[in-house]
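1. Sequence and predicted structure below; questions after.
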Amino acid sequence: MKAQLLLMSTPDGPFTIIARDGMVLASGWTTDPGDLTGQINPGLRPAEFEVVADLGPISQAVEAFYAGDPVPAMNVPVMQKSGPFRARAWDVLRTVRPGFPVTYSQYAELSGNPKAVRAAASACAFNAAALFVPCHRVIRTDGSLGGFRWGMAIKESLLAREAS
C-alpha cells in the first residue's frame, strides 16, 4: 500500500503527516517518517510513500490550527486500529474541548471506564495521529502536563495556543 507523505513547517517545528485515501495514518513533529511508522498498526502500515506538497483538507486543517482554529483538525478522518477501549478512547479525545484539558482520570471516565486510567494513558501513548487525535489535551490530576511523545515544549505550546 502506498501512502502520501507530507512535511509541513509549523511554529512548533517540522510536522510530518502520513496519509492514505484522505485519512491520516500518523503525524507528529518530526522530519523522519520512521518516527511515525512504528505507531501505525501493522495491518495499516504502508509499504512505500509518495512525497506530496499538499494534502488538501488535511494540510488546511493544520494551517487552521496554527491560525487559531483547532476545529477543522477534529474533522479530518483518521485511520487507527486497536482494541475497543483504545478505539473509543481515541474517538473521545476528539471531543475534548480545546483550551479545557482533562485529567487522565477524567479521560478514563469519558472513555467509558473510570477505573481504566492506565489504559487511557496507554491510548495517549499509542496514538499515532498527533494533533488530529489531540492527546496533548490530557494532563495529570495535579495539573502538571504529564508526558507527550513529541516533547513537553510542544505539548505546552499546543495547550497555550488552544487556551488563548
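-> Yep, that arrived.

2. Show me the protein divided up by domain.
-> 2-74, 84-163 (automatic domain parsing).

3. Pick the most buried one from the ones you listed.
-> Highest mean neighbour count among the domains of the chain (mean count of other C-beta atoms under 10 Å): domain 84-163, with a mean of 18. Every residue, glycine included, has its C-beta placed from N, CA and C.

4. Quick one: end-to-end length of it, please.
-> In domain 84-163, first residue to last residue: 31 Å (C-alpha to C-alpha, to the nearest Å).

5. Tell me the pLDDT of residue 2.
-> With respect to pLDDT, residue 2 scores 88.

6. what's the spacing between it and residue 70?
-> Distance of residue 2 to residue 70, computed by C-beta to C-beta, to the nearest Å: 30 Å.

7. same deal with residue 87?
-> 22 Å.

8. Not including adjacent chain positions, what is the nearest residue to the most centrally placed residue in the chain?
-> Nearest to the mean C-alpha position of the chain, counting by C-alpha atoms, centre = their mean, stands residue 130 at 1.9 Å. The shortest distance from residue 130 to any non-neighbouring residue, by C-beta to C-beta, 6 or more residues apart in numbering, is to residue 28 (4.6 Å).

9. so the one you found makes contact with residue 16?
-> Yes - if you go by C-beta atoms under 8 Å, residue 28 and residue 16 touch, sitting 6.4 Å apart.
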